[in-house]
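Asks: Provide a 3D model corresponding to the input given below.
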Amino acid sequence: MNMKHIRQFAKTLNVDSGKLPKVELIKKIQVAEGNFACFGTAADGECDQLDCAWRDDCLSESRPAAAEVL
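Replies: Model (predicted):
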């Protein structure tokens, strides 16, 4: 979803989008929806929120977990 659509969606939830970057705006939307503010935090593509509307974008934004030091 592009930023224009995300900002429009935020407006429907009375979320002030201001000049927030995508990740922070989606986290505010998640909170307004009553969900976890977890966008972009999935480690190694693992996420248990299967019904999340942001899931596909989230997984593409998430970074791989840091390699463990032995």
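Asks: Run through this structure and note the low-pLDDT ranges.
Replies: The chain contains residues with pLDDT under 70 at 63-70.
Asks: try 90
Replies: Applying pLDDT under 90 to the chain flags the ranges 1, 35-36, 40-53, 55-70.
Asks: the strands in it, which residues?
Replies: Counting by DSSP state E, the chain forms no strands at all.
Asks: can you pull the contacts of the residue nearest the centre of it?
Replies: Note on the chain: the residue nearest the mean C-alpha position is F39, at 2.5 Å, using C-alpha atoms, centre = their mean. Residues near F39 by C-beta atoms under 8 Å, 6 or more residues apart in numbering: V23, I26, K27, Q30, W54, D57, C58, E61. Where you see a C-beta, it was placed from the backbone N, CA and C, and this is true even at glycine.
Asks: Please name the nearest non-neighbouring residue to it.
Replies: In space, and not counting its chain neighbours, F39 is closest to I26: 4.3 Å by C-beta to C-beta, 6 or more residues apart in numbering.
Asks: Go ahead and confirm that neighbour touches M3.
Replies: No - the pair I26 / M3 is not scored as a contact, 10.2 Å apart, by C-beta atoms under 8 Å.
Asks: Who has more neighbours out of these two?
Replies: Remark: of I26 and M3, I26 carries more neighbours, 25 against 12, as counted by other C-beta atoms under 10 Å.
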